[in-house]
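Sequence and predicted model, in that order:
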Amino acid sequence: MSSSASARRADTDEATAAIFAALGDGTRLALVARLSQGSACSISQLAEHSALTRQAITKHLQVLEKAGLVSRRKSGRETLYACQPRPLHDARRYLDVVERQWDQALGRLKTFIER
Amino acid sequence: MTDRIEKQIDINAPVSRVWRALTDHVEFGEWFRVKLDGPFVVGEESTGHMTYPGYEHVQWHAVTRAIEPEHRLAFSWHPYAIEPGVDYSDEEPTLVEFFLEPIESGTRLRVIESGFDRIPAGRRPEALRMNTGGWEAQVKNIKQHVE
């Protein structure tokens, strides 16, 4: 295996862990759910239906942005946030790979015992 | 989205037989395809190397967490840590637990691997599970919206 492949794989692991960590919070999960429903939102819009302060929302959005789960763009004086679904697929794919390994291992265990 | 993997398989053999295949390090190695240097001891590191064809260069590192006779075996490790030259020791390990339960036909074995995230346990799995099933639809929504 080449060293670039190894580096890539380490990067992937780190990124995946960041995604799980970012989503491992009810508030952030709710923000992603809200943003994934449709159009990009400003912090004021997100604060409208929330018990959270704008500051708290800003902080959570920063975590999500760092994990690549939301993107940000300027629109006039406002900053609009939007959901980025790709990292979610990446995280799911990672679990799929681990899951397949277990399917195979348990299949071998069953065969080993029942032979 | 969830931070755990849960698998279940029914084996046509008594619990005691399945327990031995899990906890005897030689038998474990047979089906898991790993050559372990020694038996599992709670709190101690288990070392060895994989025997899976094509992955013989991969080291096995795990720490045995629990051995509850004929009920539960647990160890922590780095999942899918198969790349040579990558140091996984800085990453948070996941916990692998085997649960055995007698059923009419023999034994029901459950495997749970948990901890695919890095923040304190407790509210996390519930928080993540909240949206299970909803994600695909939501992702489709945003995709349609963006494209």
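That came through, no problem. Numbering: from 1, shown residues only, chains lettered A, B, ... in the order given.

C-alpha only now, for contacts and for neighbours.
OK.

Poorly predicted segments of chain B, please.
For chain B, applying pLDDT under 70 flags the ranges B:1-2, B:79-91, B:117-147.

same thing with chain A?
For chain A, the stretches with pLDDT under 70 are A:1-15, A:90.

In chain B, mark out all the strands, start to finish.
For chain B, the strands defined by DSSP state E occupy B:4-11, B:34-36, B:45-50, B:59-68, B:72-77, B:94-103, B:106-114.

Do the first one and chain A come into contact?
This means strand B:4-11. Yes. Against chain A, strand B:4-11 shows contacts by CA under 8 Å from any CA of the partner chain at B:5, B:7, B:9, B:11.

what angle separates that strand from strand B:106-114?
Computed by axes from the mean of the first three to the mean of the last three CA atoms, to 10 degrees, the angle separating strand B:4-11 from strand B:106-114 equals 170 degrees.

related to what we said a few turns ago, just put the strands of chain B in CSV and tack on mean neighbour count.
Shown next, in CSV, are the strands of chain B (neighbours: other CA atoms under 10 Å in any protein chain shown):
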stretch, mean neighbour count
strand B:4-11, 16
strand B:34-36, 22
strand B:45-50, 18
strand B:59-68, 18
strand B:72-77, 21
strand B:94-103, 19
strand B:106-114, 20
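
Now render these as a markdown table, adding distance to A:G107.
As requested, the strands of chain B are arranged in a markdown table below (distance: least, CA to CA, whole Å):
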| stretch | distance to A:G107 |
| --- | --- |
| strand B:4-11 | 8 |
| strand B:34-36 | 15 |
| strand B:45-50 | 17 |
| strand B:59-68 | 20 |
| strand B:72-77 | 18 |
| strand B:94-103 | 14 |
| strand B:106-114 | 12 |
